[in-house]
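*Asks:* Predicted model follows, preceded by the sequence.
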Amino acid sequence: MNPYVLMILLSGLGLGTTLTFSSSHWLLAWMGLEINTLAIIPLMAKQHHPRAVEATTKYFLTQATAAAMILFASTTNAWATGEWNINDLSNPVASTMFVAALALKIGLAPMHFWMPEVLQGLDLLTGLILSTWQKLAPFALIVQTAQTIDPLLLTLLGAASTLVGGWGGLNQTQLRKVLAYSSIAHMGWMIIVIQYAPQLTLIALGMYIIMTSAAFLTLKMSLTTKISTLATTWSKNPVLASTTALVLLSLGGLPPLTGFMPKWMILQELAKQDLPLIATTMALTALISLYFYLRLCYAMTLTVSPHTTNSTTPWRTQTTQASLPLALFIVFTLGLLPITPAILMLTT
């Protein structure tokens, strides 16, 4: 892709997200979401491959449906209350429709069916943008309107997403689909606590972005997209294989890695709100997710490929991929748990 075109598209992504962040009017927020969607579509279709075009078409239709629902919900709310302000979402019909639209935007269950299929058709860098940056603008709207949304609806969406995200990833062989179901499960953890402690949602979102960035960048560095090729990673690059296994365990929320921090604090907050049954359900669904992360770690570090690796060893060739962002994200993914008190102090 032409670098000038790429710069314009990435600037469009930043502009759309910033516009949604800074707006207090429904039409401006909707406009920011639309700019965001239109900017990423050429990035998704740049491979000129039928699978990429199919994924782009599915993504466009899904996002267009969600955008139409947001516009209809804001119009309904303005008709009922006379207000276009985001914080005045007092009409229950408009509120429910708005939550459904944003759940479709970020891939919450049961509106998650597009997410694995779309992510499977993209290259790893575009999939990284879709899994991280594209979540920011919808989450900004959810955080602003969380107090006006039915708590039961948010709880059901969160519990269903963690269950579907864990259950759906069990039988997958494609790593991008596994990361898509991982994204669905993490979104559920964020949504279920947003009504009680929005700052914990922001912490969980930040940790999710760091861990997912590390996972996508390590897979890109090792040129791996399937579980069957994970077994050759150790013979090609043992250090990268070891750190990738730790990154996957951090995504699963295993202590003493960074991924344990948001799950620990969210479970603590749910117990503090006298919701022990929901906290127990969330912890059990986390165990389901941890199983398929352990499956990936087993394929990567505890098995040896039955055939000789027909590739040049990476340490004998000069790589063209940037390793500094990967190193930073891996360090953050593995070592932020000890500074949890400092992170809590910064957010409260």
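*Replies:* On my side now, so go ahead.

*Asks:* so where is the chain shaky, pLDDT-wise?
*Replies:* Where the chain drops to pLDDT under 70, the residues are 304-320, 322, 348.

*Asks:* Mind splitting it into its structural domains?
*Replies:* Domains of the chain are assigned by automatic domain parsing as 1-139, 150-306+322-348.

*Asks:* next SSE after the helix ranked longest in the chain?
*Replies:* Counting by DSSP state H, the longest helix found in the chain is helix 50-81. For helix 50-81, the following helix or strand on the C-terminal side (DSSP states H and E) is helix 92-106.

*Asks:* ok, Phe98 - contacts?
*Replies:* Phe98 makes contact with Met69, Ile70, Ala73, Ser74, Asn77, Leu89, Thr145, Ile149, according to C-beta atoms under 8 Å, 6 or more residues apart in numbering. C-betas here are computed from N, CA, C, even on glycine.

*Asks:* mind listing what the last one touches?
*Replies:* By C-beta under 8 Å, 6+ apart, the contact list for Ile149 reads Leu89, Ser95, Phe98, Val99, Gln195.

*Asks:* Now do the closest residue to Gly168 other than its chain neighbours against Leu141, distance only.
*Replies:* Ranked by C-beta to C-beta, 6 or more residues apart in numbering and with sequence neighbours excluded, the top spatial neighbour of Gly168 is Tyr181, at 4.4 Å. Taking C-beta to C-beta, to the nearest Å as the measure, Tyr181 falls 24 Å from Leu141.

*Asks:* do Gln147 as well
*Replies:* Gln147 is 13 Å from Leu141, where distance means C-beta to C-beta.

*Asks:* How about Thr333?
*Replies:* Taking C-beta to C-beta, one finds Thr333 at 27 Å from Leu141.

*Asks:* do the same with Leu154
*Replies:* Taking C-beta to C-beta as the measure, Leu154 falls 14 Å from Leu141.

*Asks:* Which one of the two is surrounded by more residues?
*Replies:* A count of neighbours by other C-beta atoms under 10 Å puts Leu141 above the other of Leu154 and Leu141, at 24 against 21.

*Asks:* Now do Val93: how many residues are near it, please.
*Replies:* The local packing of Val93 (other C-beta under 10 Å) involves 11 other residues.

*Asks:* And for Gln268?
*Replies:* 14.

*Asks:* any idea whether it is helix, strand or coil?
*Replies:* Secondary structure, DSSP: H, G, I helix; E, B strand; the rest coil: Gln268 is helix.

*Asks:* Check the gap between it and Met187 for me.
*Replies:* 20 Å.

*Asks:* Could you verify my assumption that Ala137 touches Asn36?
*Replies:* Yes. The pair Ala137 and Asn36 qualifies as a contact (C-beta atoms under 8 Å) at a distance of 5.6 Å.

*Asks:* shared neighbours, these two?
*Replies:* Gly16, Thr17, Thr20.

*Asks:* name the element the first one belongs to?
*Replies:* Secondary structure here is read from DSSP H and E; on that basis Gly16 sits in helix 3-22.

*Asks:* on contacts alone, who are the packing partners of that helix?
*Replies:* Contacts defined by 3 or more C-beta pairs under 8 Å, 6 or more residues apart in numbering; DSSP states H and E place helix 3-22 against helix 26-44, helix 133-145.

*Asks:* Okay, angle between that helix and helix 26-44 too, please.
*Replies:* With axes from the mean of the first three to the mean of the last three C-alpha atoms, to 10 degrees defining the directions, helix 3-22 sits at 150 degrees from helix 26-44.

*Asks:* For helix 3-22, which residues meet the burial criterion?
*Replies:* Leu9, Gly12, Leu13, Gly16, Thr17, Leu19, Thr20 (16 or more other C-beta atoms under 10 Å).

*Asks:* Please report the distance of the nearest residue to the second one once chain neighbours are set aside from Leu130.
*Replies:* Leaving aside its chain neighbours, Gly12 sits nearest to Ala39 (3.2 Å; criterion: C-beta to C-beta, 6+ apart). If you measure Ala39 against Leu130 using C-beta to C-beta, the figure is 12 Å.
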